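Q: Take a look and give me a structure for this.
(2 chains)
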Amino acid sequence: MKSFEYTVKDELGIHARPAGMLAKEAKKYESKITITKEGKTVDVTKLMMLMSLAVKCGQTVEIQVEGSDEEVAFEGMKAFFEANL
Amino acid sequence: MKHLNGKSVYKGVALGKVLVLKKEDYVVKRVKIENPDEEVKRVEAAREKSQEQLQKLYEKALKEVGEASAAIFEVHQMMLEDDDYNESIENIIRTQEVNAEYAVASTGDNFSEMFASMDDDYMRARAADIKDISERLVRNLSGQNGIDTEFEEPVIIVAEDLTPSETVQMDKDKILAFVTVHGSTNSHTAILARMMNIPALIGVDMNLDEIQSGTCAVVDGFDGAFILEPDEKTKEETKAKIASEEEKKNLLLKLKGKENITKSGKKINIYANIGSVGDMGYVLENDAGGIGLFRSEFLYIGRNELPTEEEQFQAYKQAVQNMAGKKVIIRTLDIGADKQADYLNLDKEENPALGYRAIRICLSQPEIFKVQLRALFRASVYGTLSIMYPMITSVEEVMRIKEIVKEVKAELNASDIPYKDVEEGIMIETPAAVMISDELAELVDFFSIGTNDLTQYTLAIDRQNEKLEEFYNPHHKAILKMIKMVVDNAHAAGKWAGICGELGADTELTETFVNMGVDELSVAPSMILKLRKIVREME
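A: Numbers count the residues shown, from 1 in each chain, chains lettered A, B, ... in the order given. Below you'll find the model as predicted:
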């Protein structure tokens, strides 16, 4: 399993639209990708659960990637967060 | 005439016929079914149809309100594909052996409930999105239509609530205003109304069954009023408001961002007068070059004790920050006379206009004055702040103010509190100040002529006294000569002079003032662009 921490810089946090894009992005990979905020973990591909985390600007989340393509998925997720959040 | 109130999400005015939109009371029935596979397939078909509809809405919104607002329909499409949401629907169908409509409706309720209970305004508003997609699915499952969004003539839409898709589907040119019972300022409907520049009121406490479509109504987004069956007077007033809004819009389009400059190249600053931080929106909206008179009295009036230094500091700081580097001239306490505050225990006076007021209170009670000065200097580091002292009649008063300012700065230095040296000026509103304006000009950075008091003191006319109206001439030569004298004396000392009284907004005099060399006019925000227009049309 690989993981990284990320502090959200987008003013609105992980609001509806980026959450949708994130879920879509995560579905591209075989690996199971989860996101944890303050001890609560949800599957990144599940848009509504992801939104329900209500991640705000300045909050730090941990992204965990586990599965057959975890190397690629890890890099992909990292790039996504840097570019969009 | 019936008066209702709501929260305004877009400031605008409308007059027209009401159209009450009621969703057909479609109650989703729970029906036992034999073939769950069949129901699951129906949901899939309905989802596909919904996706197509959303795609069309997205494209329509993209064209009409732009990418940022259209994105909501993209989000709706993504929500429709949410695994948990879809699994929940399928689960309910299979485990409870119920019809698809019921499964979708109860899933929608559960998910929107989850968002509605969140401790986050933005996410709470998302509950409406889940309702919207669920209703769409149910509609497509049952073959019923949504509310009819095609209408002949422009109308005021009245509804319980509007979903983003309903809002976007409507033809923009046929909507005068939105009025709803529910909704939040964060909701997409509110955002869309703002994008579409349509007056909108939400949270209006009304019973749709009691309102007839076709009734005449007024929507006033400025004071949040929804008036049914307005009388002729209200109608006329509304028409006048709409016309002036229209004029304002046109002026804005033409004049925003332009300089206040005559054809021959003479320039004048046009600033705004404001009475509280709350007026800031109008200042920015009307493209003021700065704030020429920030009346600090609002901090002192309508309360039981003096405002603290911190409270004042926050208000001044907010004002200079909002103006982002543009000049903000704050006038120190101008209380007394017609403006009273009980906690100051001011005696009742025979002649309050000539009494214990403004700088006279501040100089007699420096402990009050110092608190305000400290707050002002502390706020100075956040932008371009200037201080203006009212009701000056003598050089001695200015010298006393300077002493007190010196003490305040020494205190700030001693406690290592940062501040900037600011421009300090005085109001010229007594004939005495006019006559010695040459001496005063040497002591201060600028003059601002308060024409209301200056006129009353010079002409010896109480403006509240109706009997004196025939004797009252605001364009009296004496006043115009005084203004000229003050401007000349300021310029001779290398200082600037402006006008912040009502005369500054008198469009008949704008040309005279520019020719006199007045450097600045500070007026009500709504007058700024009108004056700019006059200046730009001058030779």
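Q: wait, doesn't residue B:82 sit right on residue A:42?
A: No. Look at residue B:82 against residue A:42 with C-beta atoms under 8 Å: they stay out of range, at 11.9 Å. Placement of C-beta: from N, CA and C, glycine included.
Q: Tell me which other helices or strands the strand ranked longest in chain B touches.
A: For chain B, the longest strand by residue count, based on DSSP state E, is strand B:13-21. Contacting strand B:13-21 under the criterion 3 or more C-beta pairs under 8 Å, 6 or more residues apart in numbering or on different chains; DSSP states H and E are the following elements: strand B:155-159, strand B:175-180, strand B:216-220, helix B:232-255.
Q: Going by proximity to chain B, name the top residue of chain A.
A: residue A:20 (3.6 Å; C-beta to the nearest C-beta).
Q: what's that residue in contact with, if anything?
A: A:47, B:74, B:75, B:78, B:79 (C-beta atoms under 8 Å, 6 or more residues apart in numbering or on different chains).
Q: Please repeat the previous calculation with a cut-off of 7 Å.
A: Contact partners of residue A:20, counting by C-beta atoms under 7 Å, 6 or more residues apart in numbering or on different chains, are A:47, B:74, B:75, B:78.
Q: Tell me the one among those residues nearest to residue B:294.
A: residue B:75 (42.2 Å; C-beta to C-beta).
Q: which residue of chain A sits farthest from its center?
A: Distance from the C-alpha centroid of chain A peaks at residue A:68, with 18.0 Å (C-alpha atoms, centre = their mean).
Q: Tell me which strands the longest strand of chain B pairs with, and in which orientation.
A: strand B:155-159 (parallel), strand B:216-220 (antiparallel) (DSSP bridges).
Q: least reliable of those going by mean pLDDT?
A: Note on those: strand B:155-159 shows the lowest mean pLDDT, a mean of 91.
Q: what sits up against that strand?
A: B:14, B:16-21, B:174-180, B:208, B:211, B:217, B:219.
Q: What strand or helix carries residue 51?
A: Here I'm looking at chain A. helix A:47-52 (DSSP states H and E).
Q: You answered for a different chain; I wanted chain B.
A: Using DSSP H and E, the secondary-structure element containing residue B:51 is helix B:36-65.
Q: Briefly note if the helix or strand that that helix is followed by comes near chain A.
A: Of the helices and strands lying after helix B:36-65 in sequence (DSSP H and E), the nearest is helix B:67-80. Yes. Counting by C-beta under 7 Å from any C-beta of the partner chain, chain A is contacted by helix B:67-80 at B:71, B:74, B:75, B:78, B:79.
Q: and these as JSON lines, adding neighbour count and pLDDT?
A: Compiled in JSON lines, the residues of helix B:67-80 next to chain A are given as follows (neighbours: other C-beta atoms under 10 Å in any protein chain shown; pLDDT from 0 to 100):
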{"residue": "B:71", "neighbour count": "17", "pLDDT": "81"}
{"residue": "B:74", "neighbour count": "20", "pLDDT": "87"}
{"residue": "B:75", "neighbour count": "25", "pLDDT": "87"}
{"residue": "B:78", "neighbour count": "21", "pLDDT": "89"}
{"residue": "B:79", "neighbour count": "24", "pLDDT": "90"}
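Q: tell me which of these is nearest to residue B:459?
A: Among these, and counting by C-beta to C-beta, the member closest to residue B:459 is residue B:71, at 61.5 Å.
Q: and the closest residue to that closest one other than its chain neighbours, how many residues sit next to it?
A: Once flanking residues are discounted, residue B:71 sits nearest to residue A:17: 5.0 Å by C-beta to C-beta, 6 or more residues apart in numbering or on different chains. Around residue A:17 there are 16 other residues, counting by other C-beta atoms under 10 Å in any protein chain shown.
Q: Could you list the buried residues of the helix or strand residue A:17 falls within?
A: For residue A:17, the element it lies in under DSSP H and E is helix A:16-26. Judged by neighbour count (16 or more other C-beta atoms under 10 Å in any protein chain shown), helix A:16-26 contains these buried residues: A:16, A:17, A:18, A:19, A:20, A:21, A:22, A:23, A:25, A:26.
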